[in-house]
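**Q** Task: produce atomic coordinates for the following.
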Amino acid sequence: MILFLALLAAQPSAEALKLGREIAESGTLASMLPLIKQDEVGKLLKEHPELSAAEQAQLKQTADRVFTAGAHKLFAATARGYAERLSVEDLRVAAAYYRSPAAKRMQAALPQVIAGAMSAMQGMDFKKDLTAAYCKDTGKLCPAQ
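**A** Coordinates of the predicted model:
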């Protein structure tokens, strides 16, 4: 009985789940998912030039269906995560922010901002840079000569 009550107490409220879902569907991940889908479908089409135009169209329709199902699961899990870790008041404030015109503009710009950041990171190798700096500082982890 105590375990049941503890589990019951740990369940987020319907309002918390609803607000969490709203935040999840408005957040950074939500703005990036369509680009990820587009990239993955584009790669798949490039890997399979043997597909006819009709088959390519069918693949894109299948991608839409698979993407929608996956996004639904991802948003539900993200909503639950927010609802379990934030107060209802925090969720209300965050949801209100995501409804604001400034947040909508920021989310619309985010894919291009991230694409630019990724482009700027071309050729960066943190592990290589870290080991080189550590080698210089300590004489350890230096590449074999």
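**Q** Could you measure from residue 104 over to residue 30?
**A** Distance from residue 104 to residue 30, counting by C-beta to C-beta, to the nearest Å: 12 Å. (Glycine included, C-beta is placed from N, CA and C.)
**Q** Neighbour count for those two, which is higher?
**A** It is residue 30, of residue 104 and residue 30, that has more neighbours when counted by other C-beta atoms under 10 Å, with 18 against 12.
**Q** Can you say which helix or strand has the more buried one in it?
**A** Here residue 30 sits within helix 28-47, counting by DSSP states H and E.
**Q** Helices of this structure, residue ranges please.
**A** 2-10, 14-26, 28-47, 53-85, 88-99, 101-120, 126-138 (DSSP state H).
**Q** other SSEs contacting the fifth one?
**A** Under the contact definition 3 or more C-beta pairs under 8 Å, 6 or more residues apart in numbering; DSSP states H and E, helix 88-99 sits against helix 14-26, helix 53-85, helix 101-120.
**Q** Can you give the distance from the longest one to the centre of its chain?
**A** This means helix 53-85. Offset of helix 53-85 from its chain centre (C-alpha atoms, centre = their mean, to the nearest Å): 12 Å.
**Q** Can you give me the buried ones in that helix?
**A** If you call a residue buried by 16 or more other C-beta atoms under 10 Å, then helix 53-85 has these buried ones: 63, 67, 71, 75, 78-80, 82-83.
**Q** And the shortest one, by the same measure?
**A** Within helix 14-26, the residues that qualify as buried by neighbour count (16+ other C-beta under 10 Å) are 16-17, 19-24, 26.
**Q** residue contacts, the residue nearest the centre of the chain?
**A** Nearest to the mean C-alpha position of the chain, by C-alpha atoms, centre = their mean, lies residue 29 at 3.1 Å. When contacts are counted by C-beta atoms under 8 Å, 6 or more residues apart in numbering, residue 29 touches 74, 78.
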